[in-house]
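> This is the structure alone, sequence omitted:
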């Protein structure tokens with residue numbers, strides 16, 4: 001029997017790229033998953049907005065193995081909503097954070113971890129908003145995840161004009177400074 005002890009949210013480095021890319025690939029359809037090149041770009045250009053959670057698996061033989069539980073990645077951009085352009089570029093001086101992935105390992109889903117991770121991530125971004133780093137967070141999600149993001153404080157803007165894969169996406173935002181989209 002194994003038990004999992006979670007670590008806190010922390011910045012991710014390129015040394016974790018292989019594990020990050022594997023988790024991204026098993027979490028999104030091929031036409032939606034970010035390429036390894038895009039993930040490396042986000043890791044190197046926007047490391048403050050690429051956070052991961054790790055856990056230690058402990059088995060009955062007292063062996064411990066550190067494994068990736070989930071991650072959230074984003075970049076800053078001047079566009080007020082997620083666009084194809086904003087998915088491929090980081091503008092460090094922009095005030096809008098574009099979340100590109102919120103991922104939890106399949107073995108750890110349906111345990112409230114994504115909610116906890118997202119709330120912790122948002123809290124860190126709120127702290128940055130007090131330093132005038134980020135004043136809004138935006139993302140695109142599928143219809144079945146609208147409720148999840150609403151529960152985390154996001155507001156539904158409407159159907160996204162951005163086409164990404166075969167399914168429809170919806171724009172959502174969360175203002176950290178009380179501004180409206």
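Alright, I've got the coordinates. Note that this is a predicted model, so its numbers are computed, not measured. Numbers count the residues shown, from 1 in each chain.
> what does the average pLDDT come to for the longest strand seen in the chain?
Looking across the chain with DSSP state E, the single longest strand is strand 64-77. Averaging the model's pLDDT scores along strand 64-77 yields 85.
> That strand: which residues count as buried?
68-77 (16 or more other CB atoms under 10 Å). Placement of C-beta: from N, CA and C, glycine included.
> How about stretch 35-50?
Here stretch 35-50 shows 38-39, 41-43, 46, 49-50 as buried, counting by 16+ other CB under 10 Å.
> Could you tell me the angle between whatever helix or strand residue 39 lives in and strand 64-77?
Element membership of residue 39 [criterion: DSSP states H and E] is helix 36-45. Angle between the axes of helix 36-45 and strand 64-77 is 80 degrees (criterion: axes from the mean of the first three to the mean of the last three CA atoms, to 10 degrees).
> what's helix 36-45 in contact with?
The contact list for helix 36-45 (CB atoms under 8 Å, 6 or more residues apart in numbering) reads 12-14, 16-17, 20-21, 24, 34, 49-50, 73-75, 87-88, 90, 92, 100.
> Give the next helix or strand downstream of that helix.
Heading C-terminal from helix 36-45 (DSSP H and E), you reach strand 50-58.
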